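*Asks:* structure, please.
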Amino acid sequence: MISAYIISVNIISFLIMAVDKQKAKKQTYRIPERTLWGLAILGGALGVLAGMRQFRHKTKHRLFTFGVPLLIIIQAVLLVWYSFLS
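*Replies:* Reported below is the predicted structural model:
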């Protein structure tokens with residue numbers, strides 16, 4: 001059940017990064033960074049990072065370039081910890 005959630009939130013995060021990149025190119029209303037961070041914190045950090053790399057989006061923002069990989073490490077540790085408890 002948790003694996004389906006993680007896969008889903010990462011796919012959604014990746015797609016949201018794609019949408020935000022397209023909006024940036026067209027200079028239209030953007031998806032707030034708070035939303036991107038919210039998705040990353042809720043388990044979609046890997047999807048956000050994949051979107052950053054694939055679409056070259058938010059790569060100049062230090063908070064994203066350092067924060068998202070750090071969040072992935074934290075989430076991986078929590079996932080391993082959770083799997084040992086189960």
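*Asks:* from residue 73, how far off is the most centrally placed residue in the chain?
*Replies:* By CA atoms, centre = their mean, the chain has its centre lying nearest to residue 48, at 2.5 Å. Residue 48 sits 14 Å away from residue 73, going by CB to CB, to the nearest Å. C-beta coordinates here come from the backbone N, C-alpha and C atoms, glycine included.
*Asks:* follow-up on the earlier one: tell me who's in contact with the residue nearest to the centre of the chain.
*Replies:* 13, 14, 17, 36, 39, 40, 64, 68 (CB atoms under 8 Å, 6 or more residues apart in numbering).
*Asks:* again, 7 Å this time
*Replies:* Shown in contact with residue 48 (CB atoms under 7 Å, 6 or more residues apart in numbering): 13, 17, 36, 39, 40, 68.
*Asks:* distance check, the first one against residue 68.
*Replies:* Between residue 13 and residue 68 the computed distance is 10 Å (CB to CB).
*Asks:* next, the buried residues of the helix or strand harbouring the residue nearest to the centre of the chain.
*Replies:* In the assignment (DSSP states H and E), residue 48 maps to helix 45-55. Within helix 45-55, the residues scored as buried using 16 or more other CB atoms under 10 Å are 45, 46, 47, 48, 49, 50, 51, 52, 55.
*Asks:* model confidence over stretch 45-56, on average?
*Replies:* Average pLDDT, stretch 45-56: 98.
*Asks:* who are the neighbours in contact with residue 43?
*Replies:* 5, 6, 9, 75 are the contacts of residue 43 under CB under 7 Å, 6+ apart.
*Asks:* same thing but at 10 Å, please
*Replies:* By CB atoms under 10 Å, 6 or more residues apart in numbering, the residues touching residue 43 are 2, 5, 6, 7, 8, 9, 10, 13, 71, 75, 78, 79.
*Asks:* just to check, the first one is in contact with residue 83?
*Replies:* This points to residue 2. Yes - applying CB atoms under 10 Å, one finds residue 2 in contact with residue 83, separated by 8.9 Å.
*Asks:* nearest residue to residue 57 other than its sequence neighbours?
*Replies:* Distance criterion CB to CB, 6 or more residues apart in numbering; nearest residue to residue 57, sequence neighbours excluded, is residue 21 at 4.2 Å.
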